[in-house]
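Undergrad: missing the sequence, but the structure's below:
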């Protein structure tokens with residue numbers, strides 16, 4: 001009697017990555033940004049609307065965004081038009097604009113009773129957690145994306161970083177501007193962020209005659 005080859009027998013479990021999309025997360029399109037904003041406004045979700053707007057404006061990594069403090073955006077009782085945050089990865093400050101719409105949403109959120117006495121801009125719900133964790137932020141971004149019917153696996157927290165600079169690049173073709181806004185030390189990082197091929201970057205540079 002032959003012994004069956006047990007190594008050839010495998011349970012029929014679906015692949016863990018079935019249906020998932022890998023690679024750089026896509027930036028949101030303007031229509032997606034507005035769709036998310038409208039939904040958050042209708043739901044009167046002041047925290048998520050303010051954090052969504054700030055994520056788009058600041059172009060910060062999730063860890064840096066969630067660690068923002070009230071003093072980063074507030075001065076003399078007024079929301080700043082520009083802010084500066086020290087990046088945890090590079091230990092270098094990056095400046096960014098706070099648009100009018102973002103300032104308005106921040107004012108509503110900071111007037112919320114949940115913000116009373118909070119040092120952090122996005123306080124955690126538990127006493128041992130001073131601010132929202134990056135994992136919780138990822139879940140929040142997932143909810144934003146799926147609320148518009150988009151494929152969740154194609155977008156993530158990195159999408160928030162890429163959204164505004166992608167539109168800036170499309171309208172200006174100015175890589176240096178994007179580099180400064182993202183706080184990159186190398187142009188290659190900017191190219192990778194935008195999903196632009198390095199050859200395209202050189203073609204743009206060579207087309208400029210000074």
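TA: All right, it came through fine. For clarity, every value in this text was computed on a predicted model and none was experimentally measured.
Undergrad: how about the helix or strand residue 50 falls within: buried residues?
TA: Taking DSSP states H and E as the criterion, residue 50 maps to helix 46-58. Neighbour counts over helix 46-58 (16 or more other CB atoms under 10 Å) mark 46-58 as buried. In this view, the C-beta of every residue, glycine as well, is placed from N, C-alpha and C.
Undergrad: Take these and lay them out in CSV including pLDDT.
TA: Below are those laid out as CSV (pLDDT from 0 to 100):
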residue, pLDDT
46, 97
47, 96
48, 97
49, 98
50, 98
51, 97
52, 98
53, 97
54, 97
55, 96
56, 94
57, 93
58, 92
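Undergrad: Quick check on the closest residue to residue 53 other than its chain neighbours: phi, psi?
TA: Spatial nearest neighbour of residue 53, chain neighbours left out: residue 102 (3.9 Å); criterion: CB to CB, 6 or more residues apart in numbering. When quoted as degrees, to the nearest 10, the phi and psi of residue 102 stand at phi -70, psi -40.
Undergrad: Buried residues, the longest helix along the chain. List them.
TA: Across the chain, the longest stretch assigned as helix under DSSP state H is helix 157-172. Of all the residues in helix 157-172, those buried under the rule 16+ other CB under 10 Å are 157-169.
Undergrad: Helix 46-58 and that one, what's the angle between them?
TA: Put simply, helix 157-172 runs at 50 degrees to helix 46-58, going by axes from the mean of the first three to the mean of the last three CA atoms, to 10 degrees.
Undergrad: Quick one: low-confidence residue ranges for this structure.
TA: Applying pLDDT under 70 to the chain picks out residues 1-24, 126-128, 173-206, 208-210.
Undergrad: can you map out the strands along it?
TA: 74-75, 78-79, 82-86, 93-97 (DSSP state E).
Undergrad: any chance of those in a markdown table, plus mean neighbour count and distance to residue 148?
TA: Converted to a markdown table, the strands of the chain look like this (neighbours: other CB atoms under 10 Å; distance: least, CB to CB, whole Å):
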| stretch | mean neighbour count | distance to residue 148 |
| --- | --- | --- |
| strand 74-75 | 13 | 31 |
| strand 78-79 | 14 | 27 |
| strand 82-86 | 15 | 27 |
| strand 93-97 | 15 | 24 |
